[in-house]
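Undergrad: Test case, fold it:
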Amino acid sequence: MTTLKAIIVDDEEFARSSLFFLIQQNCPAIEITGIARSVAEAKDILAHHPINLIFLDIAMPGGNGFELIPDAQQHNAAVIFTTAFDQYALKAIKANALDYLLKPIDIDELETAVDKVLEYTRLHQTIDKKDERITNLASSLMNRTEIRKLTLPYGQGFKMIDVDDIIYIEADSNYSVFHLSNHDKITVSKVLREFEELLPSDQFVRIHKSSIINLNHLKEYNSKNGLQAFLKNGESISVSRRRASDFFEKIKLFTKSNGEH
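TA: Next up is the predicted model:
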C-alpha cells in the first residue's frame, strides 16, 4: 500500500491535535512526519524532509496558508485545505476542484479527501508541479475577484474552463451537464446548486430547477408559449413561473451594468 508522508499546518493547538488523532485512527496510508504552527515552520519542514501531502489551514496569524503554495508545488506535495470560515476562499477552492475540509473535521470527509489524493498520486506518480488549479486559485485569492474559471473533473483528470464559455448548465439527476460555446458538453457528478453558488450571480441565473443560463448568451425571451429564454446558439429553455421574477430582475441588473461599461 502507498504511504504518504504528511504534515499538518495550523496555528491552533486543538485543531492540530484533533486532526493528528483523526488521521492516526482512520488513515493508515498517511504518516504524519511533522506538525507546524505557522507557514514559516512549514517551509522549514519542507526544506528538510520529503513531504507528499500538506493539511493546510487557510487563516493563520503571521502568514496566510496560501503563502505556502509555491513551496508545496516546488516539493511536489499535494494540499488538502482546512478552514473554519472565509466564504470567498472556500468558493475559490471549490471552483478549482481542490480538496478541502471544513472544521470541525468530519471523519468520512477526511477519508474521502485522503482517498482522492492517494488515487491522484497513483495515477500521476507525483503531484504536478504546474498544477493549473493551484495557480488559478492563488490568482483568484490574490485579486479577490469573482470566480472567472472553473475546474471540472474530466475523465481521469480535469478540464479548466472560462465561465464566459458556459452557455448553460442543465441538471440530469445528480449530474450537471455543461454546454460550452465550442459545442463541447461536459458532464460532472455534482448537483446544479453547487455551481449556482459558485458562478458570478450577476451573469448566471437559474431559470428552472434544471437549468442555469449565462446571460451573455441570452438572445431574447418571450411568453408566447409560456416564458422561454432563447439563447444565441439557437436553443430555447423554459423559465419556470417561480423563477420568472428573479430572471427579470437579473436581466435588468445585467443590462444596466453592461450599459455602464
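
Undergrad: contacts and neighbour counts: CA atoms only from here.
TA: Noted.

Undergrad: How far off centre is the longest helix seen in the chain?
TA: What stands out as the longest helix in the chain, according to DSSP state H, is helix 107-124. Relative to its parent chain, helix 107-124 has a centroid offset of 16 Å by CA atoms, centre = their mean, to the nearest Å.

Undergrad: What is that helix packed up against?
TA: helix 13-26, strand 99-102 (3 or more CA pairs under 8 Å, 6 or more residues apart in numbering; DSSP states H and E).

Undergrad: Taking helix 107-124 as reference, get the angle to the very next helix or strand once past the first one.
TA: Translated: helix 13-26. Remark: after helix 13-26, the chain's next helix or strand is strand 30-36, criterion DSSP states H and E. On the basis of axes from the mean of the first three to the mean of the last three CA atoms, to 10 degrees, strand 30-36 is oriented at 100 degrees to helix 107-124.

Undergrad: so where's the stretch 101-250 of the chain uncertain?
TA: By pLDDT under 70, the low-scoring segments of the stretch 101-250 of the chain are 124-131, 135, 138-145, 156.

Undergrad: so where do the strands sit in it?
TA: Ranges of strands in the stretch 101-250 of the chain, per DSSP state E, counting those that start in this stretch, are 149-154, 157-162, 166-172, 175-180, 185-188, 204-208, 211-214, 218-222, 228-231, 236-238.

Undergrad: Let me know the pLDDT of residue 77.
TA: If you check residue 77, the pLDDT there is 89.

Undergrad: For burial, what's the neighbour tally of it?
TA: Residue 77: 24 surrounding residues under other CA atoms under 10 Å.

Undergrad: Please report phi then psi for it.
TA: The phi/psi pair for residue 77 (degrees, to the nearest 10) reads phi -100, psi 140.

Undergrad: Test my guess that it contacts residue 56.
TA: No - between residue 77 and residue 56 there is no contact under CA atoms under 8 Å: 11.4 Å.

Undergrad: Return the distance of the residue nearest the centre of the chain relative to residue 178.
TA: Closest residue to the average C-alpha location of the chain: residue 94 at 1.7 Å, with CA atoms, centre = their mean. Using CA to CA, to the nearest Å, residue 94 is found at 16 Å from residue 178.

Undergrad: For stretch 219-238, list every residue counted as buried.
TA: 221, 228, 229, 230, 231, 237, 238 (16 or more other CA atoms under 10 Å).
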